[in-house]
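# Provided below for reference: sequence and predicted model.
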Amino acid sequence: MLLEGKDLSFRYHHGPWLFREIDVAIRTGEVVGLLGQNGCGKTTLGRILAGYDNPIKGKVLMNGLPLPGHGYCPVQMIFQHPERAVNPRWRLSKTITEGWVPDNDLLEKFNVRKEWLDRWPNELSGGELQRICIVRALGPQTRFLIADEITAMLDAITQARIFHSLLQIVRERNLGMLVISHDRHLIKRICDRIIFWENLVH
Ligand SMILES: Nc1ncnc2c1ncn2[C@@H]1O[C@H](COP(=O)(O)OP(=O)(O)OP(=O)(O)O)[C@@H](O)[C@H]1O
């Protein structure tokens, strides 16, 4: 399967163009890094590829077709700040089952403890909440993951554990993953291929 951003252009309001007429493609089975400086537009591109925002020009296609307009999206995004990616008024049992119902194996793989699910988002640490967001994104219909600086706020050991589990699942299920980061070492360690922002936009 192929996720493509074709001829994409985007700017906020009437501000400067973040990118113009760029092409990006990721296949299932590939872990692709997207490296670029702070503020260049990586998150914006990720949001467009996951169907959260529309490009001003161009289109996003999965196997030649637009992403579904409703229901579970096969392109799932995991965000840098998990506390902003969950509804603060929902207990975590509701959040984690928002799109599908994860089984115990997956909860165990990401060390999500059952008792956390009775709590509110502000009663978990950032790393705990991020693991819940990752599990939420791993429904059986997921084909691509956009992982946007998902461990930037975590310590090195937690970062390594999370990526170890995530890469295992990505390989097992033959998903495609775009890893957005400005951490060259992380990207070089885990990705099959790297897209450099400066090459993408020129
Ligand atoms: N909703 C918005 N309205 C206006 N400008 C925005 C909006 N969201 C982001 N921007 C601006 O667009 C630019 C790109 O932001 P984006 O978050 O995509 O960059 P990034 O490469 O992911 O940055 P970082 O590595 O710091 O997370 C920034 O200058 C940002 O201030």
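Cool, got the structure. Numbering: from 1, shown residues only.
# strand partners (parallel or antiparallel) of the one helix or strand G33 maps to?
Per DSSP states H and E, G33 falls inside strand 31-35. When pairs are called by DSSP bridges, strand 31-35 turns out to pair with strand 176-181 (parallel), strand 193-196 (parallel).
# which parts of the protein are strands?
Secondary structure of the chain (DSSP state E): strands at 2-10, 19-27, 31-35, 57-62, 65-66, 75-78, 144-148, 176-181, 193-196.
# the last one and the ligand in contact?
Translated: strand 193-196. No. Shown here: strand 193-196 not in contact with the ligand (C-beta under 6 Å from any ligand atom), separated by at least 12.6 Å. For every residue, glycine as well, the C-beta is placed using N, CA and C.
# okay, that strand in CSV with CA atoms only?
Extracted C-alpha coordinates of strand 193-196, given in CSV (Å, rounded to 0.1, in the frame of the first residue of the first chain):
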residue,chain,number,x,y,z
ARG,A,193,15.0,6.0,4.8
ILE,A,194,15.2,9.6,5.7
ILE,A,195,13.5,12.6,4.1
PHE,A,196,15.4,15.9,4.8
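# could I get the average pLDDT for it?
On average, the pLDDT along strand 193-196 is 96.
# list the buried ones in that strand?
Neighbour-count burial for strand 193-196 flags I195 (criterion: 16 or more other C-beta atoms under 10 Å).
# now the end-to-end length of stretch 97-116.
With C-alpha to C-alpha, to the nearest Å as the measure, stretch 97-116 spans 13 Å from end to end.
# count of residues packed around E4?
19 (other C-beta atoms under 10 Å).
# rewinding a little: and the strands paired with strand 31-35 as a markdown table, adding distance to Y52?
Below are the strands paired with strand 31-35 laid out as a markdown table (distance: least, C-beta to C-beta, whole Å):
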| stretch | distance to Y52 |
| --- | --- |
| strand 176-181 | 14 |
| strand 193-196 | 19 |
